[in-house]
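> need a structure here:
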Amino acid sequence: MTTPILVGAATVQQQTQHPGEGVGCEALLVDAVVDAIADAGTGTELASTVDLVMVTQGLSMLVDGAQRIAQAIGAPRARPVTYQVGIPQQTLISRAIDAVRRGEARTVVVAGAETKQRDTVARRAGVTLDRPEPFLEPDELVTPVGEIVARPEVEVGAVLPVQQYALIDNARRNAMRWTLDEHRDDIAAIWANFNAVAQDNPLAAFRSPMSAADIREPSDTNPMLAFPYNKWHSSQWTVDQAAALVITSTETADTFAIDPDRRVFPHVGVESSQSLSLARRADLHRWPAMAVLGRAAQRHIGRPLSTVDYVELYSCYPAAVRVQQAELGLAPAAPATITGGMTFAGGPFNNFVFQATAAMVSRLRADPGAMGLVTAVSGLLTKPGLAVWSTAAPTAPVLLADLVDEATAETPVAPLDENPVGSGTIATYTVAGERIAAIVDLDSGSRAVAALDDPGAAAEACRHDLIGTRVGVVGRSFAL
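Below you'll find the model as predicted:
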């Protein structure tokens, strides 16, 4: 087997202010790949060795982005593959590394792009954007498997990511035995730290200073979306951003005389494809699958992850960061981002891990021998991914694995009653508008998902904690 290395990484973005301004998603995607190949320092010569192109399908992307890349860089025979939402972005990176390691591809391109800002500006102005003619045949399409959201969660309307992560974060508050104010202080403080990092990142999309108080308190510019989350607790996907990574072998790098200073080695690329909806998880505030990945990574690199030099945790919402810190053994006060995270650096819907990896590559090249950790989340703390990179060559072959069996064995499951009638206790809840959505531990030993539409009760639930409150459940409704 050959030794895989990352030799090129790039991000591109545009600020769209007027309808029709800027380029479309497909063009932005190609721009990122062209820049990533150039980043390897070989001009365009390396493109002739690209045998595999993998892209993520997002909000703006057609299903032929990989073919567009292959045609644009002069590698028309490269295999084009598109991965749908619900597959961790780490999966593409790991498969690229594995394809090179096994000799199935000389060079692999991994890329993703979103132009949600451009699309939104045009839609609000009633402007129809021109789209390129699709290829006659789409890319090979890889679709996710498994349940991301359970039917009862859908039926009560608790399906949006902001609601699901709010449910997780409120369960975390209960586990920490915090008051509502202590909890709100915690998630505001960590996000203020992320904002401070973004202020120093010239590539961040939202660099305006925000204090913990600005983030904590709802306002006209920071409306509450799902208690305790406001707009500026949330990933901001209305951005135009693309990223690309180029992975090849040391042999190919030597052939093209790629400078050793450009080479970054993958040490770990692990994930879990376990798919379990939130209401079925016995421990609502935990993510055992990420702990499994962390332990495997630590064993392989021979040191705790808390000693890794640079960290970029997937940061769609505060719960994602705080839960990962707990599962990976990272201190709550330790730096968790080099970019500013998905709220402030920008959270392109199905592309941020590539953005984060490109940023980590730059950081590691500037600090030879240092190690960098990048994590991935797919779904709602559903399918984790974790990578460790360094300019220092590994002493053992890269660890690549889907640790689904270990993750499944360590994840307690609660039985979900899809037609509940009975009494129970609120295990967690969130408030969106005038609706309280709750996960209830029934006296029967099963779980239920139910909602209460009551503006007075919804307002009160934002002032006084409902977790532990006794309720009666009938179908999808509960009564206090």
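
> helices or strands next to the helix ranked longest in the chain in the packing?
Scanning the chain for the helix with the most residues, using DSSP state H, yields helix 180-199. Contacts defined by 3 or more CB pairs under 8 Å, 6 or more residues apart in numbering; DSSP states H and E place helix 180-199 against helix 161-176, helix 212-216, helix 318-328, helix 341-344. C-betas here are computed from N, CA, C, even on glycine.

> Show me the shaky parts of the stretch 1-150 of the chain.
By pLDDT under 70, the stretch 1-150 of the chain contains no weakly predicted segment.

> Apply 90 and report the result again.
Scanning the stretch 1-150 of the chain for pLDDT under 90 picks out 1, 42-44, 61-63, 130-138, 146.

> highest average neighbour count across the helices and strands packed on helix 180-199?
Per residue and on average, the most neighbours among those fall to helix 341-344, with a mean of 29 (mean count of other CB atoms under 10 Å).

> Extract the C-alpha trace of the helix or strand that it is followed by and format it as PDB.
Counting by DSSP states H and E, the next helix or strand C-terminal to helix 341-344 is helix 352-365. In PDB, the C-alpha atoms belonging to helix 352-365 read as follows (Å, rounded to 0.1, in the frame of the first residue of the first chain):
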ATOM      1  CA  PHE A 352     -18.000  23.000   6.400                       C
ATOM      2  CA  VAL A 353     -15.700  20.100   7.200                       C
ATOM      3  CA  PHE A 354     -13.800  20.800   4.000                       C
ATOM      4  CA  GLN A 355     -13.600  24.400   4.900                       C
ATOM      5  CA  ALA A 356     -12.300  23.400   8.400                       C
ATOM      6  CA  THR A 357      -9.800  21.000   6.900                       C
ATOM      7  CA  ALA A 358      -8.400  23.600   4.500                       C
ATOM      8  CA  ALA A 359      -8.000  26.000   7.400                       C
ATOM      9  CA  MET A 360      -6.300  23.300   9.400                       C
ATOM     10  CA  VAL A 361      -3.900  22.500   6.600                       C
ATOM     11  CA  SER A 362      -2.800  26.200   6.500                       C
ATOM     12  CA  ARG A 363      -2.300  26.200  10.300                       C
ATOM     13  CA  LEU A 364      -0.200  23.000  10.200                       C
ATOM     14  CA  ARG A 365       2.000  24.100   7.400                       C
END
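
> name the helices or strands packed onto helix 352-365?
Counting by 3+ CB pairs under 8 Å, 6+ apart, helix 352-365 packs on strand 4-14, helix 89-101, strand 107-115, strand 240-249, strand 310-312, strand 371-378, strand 383-390.

> so where's the stretch 201-350 of the chain shaky on pLDDT?
Judged by pLDDT under 90, no stretch of the stretch 201-350 of the chain qualifies at all.

> Counting neighbours, what do you get for Arg123?
Arg123 has 12 neighbours, counted by other CB atoms under 10 Å.

> Leu203 too?
18.

> quick one: contacts for it?
The neighbourhood of Leu203, defined by CB atoms under 8 Å, 6 or more residues apart in numbering, consists of 11, 13, 339, 345, 359.

> re the thing from before, could I have the CA atoms of the longest helix of the chain written out in PDB?
Provided in PDB are the C-alpha atoms of helix 180-199 (Å, rounded to 0.1, in the frame of the first residue of the first chain):
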ATOM      1  CA  LEU A 180     -31.700  28.200  33.100                       C
ATOM      2  CA  ASP A 181     -29.500  31.300  33.600                       C
ATOM      3  CA  GLU A 182     -26.400  29.300  34.200                       C
ATOM      4  CA  HIS A 183     -27.000  27.300  31.100                       C
ATOM      5  CA  ARG A 184     -27.700  30.400  29.000                       C
ATOM      6  CA  ASP A 185     -24.500  32.000  30.300                       C
ATOM      7  CA  ASP A 186     -22.500  28.900  29.300                       C
ATOM      8  CA  ILE A 187     -23.600  28.800  25.700                       C
ATOM      9  CA  ALA A 188     -23.300  32.500  25.300                       C
ATOM     10  CA  ALA A 189     -19.800  32.500  26.700                       C
ATOM     11  CA  ILE A 190     -18.500  29.800  24.400                       C
ATOM     12  CA  TRP A 191     -20.000  31.400  21.400                       C
ATOM     13  CA  ALA A 192     -18.500  34.700  22.300                       C
ATOM     14  CA  ASN A 193     -15.100  32.900  22.300                       C
ATOM     15  CA  PHE A 194     -15.900  31.600  18.800                       C
ATOM     16  CA  ASN A 195     -16.800  35.100  17.700                       C
ATOM     17  CA  ALA A 196     -13.500  36.400  19.000                       C
ATOM     18  CA  VAL A 197     -11.700  33.900  16.800                       C
ATOM     19  CA  ALA A 198     -13.700  34.900  13.800                       C
ATOM     20  CA  GLN A 199     -12.800  38.500  14.300                       C
END
